[in-house]
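[1] no sequence on hand, only this structure:
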């Protein structure tokens, strides 16, 4: 590493020996006392101000984030019309229906058929995840064929597996 032989401020010859020559600045003892400790900190302050200015300028010039766009698939069963929350509320709560009508509503949903995926798993056994319709596969086995016939993919009502 190169060290200066002359003072940067006054031009006086520097006569330093040993390890202090590498630590001290490029000025003599008199100039170092006259400039004080601020001379050592000045370059750090300038660098910090430049960095803060660059950060502020970057924040100011950053473009606004794009708006959030939620896209659906073309074959989505959802409607493009706005949702009316009053229609989604259960009718028995609005009309004050009694408990017998509620029980009949739940009983009719129990009679609906439930299907399983039926695709081959890594173990070689059929998948037992429930799906909405026959011939449909779960999220993990989309596009795979079933290894069971269609009759065995139906879970009968009252038959509680899992």
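    Arrived safely, thanks for sending. Computed from a predicted structure; not experimentally measured. Numbering: from 1, shown residues only.
[2] centre-most residue in this structure?
    Most central residue of the chain, judged by C-alpha distance to the mean C-alpha position with Cα atoms, centre = their mean, is residue 68 at 14.2 Å.
[3] per-residue confidence at it?
    In this model, residue 68 is scored at 83, pLDDT.
[4] helix or strand: which one has it?
    Element membership of residue 68 [criterion: DSSP states H and E] is none; it lies in no helix or strand.
[5] can you name the next helix or strand after the least confident helix or strand in the chain by mean pLDDT?
    One helix or strand of the chain scores below all others by mean pLDDT, DSSP states H and E: helix 99-110, with a mean of 46. Using DSSP H and E, the helix or strand that follows helix 99-110 towards the C-terminus is strand 114-116.
[6] ok now the next helix or strand after that following strand, how far from the chain's centre?
    Reading on from strand 114-116 to the C-terminus, the next helix or strand found by DSSP H and E is strand 130-131. Averaged C-alpha coordinates place strand 130-131 at 29 Å from its chain's average position (Cα atoms, centre = their mean, to the nearest Å).
[7] likewise for stretch 73-91?
    In this view, stretch 73-91 has its centroid 28 Å away from the chain centroid, taken as Cα atoms, centre = their mean.
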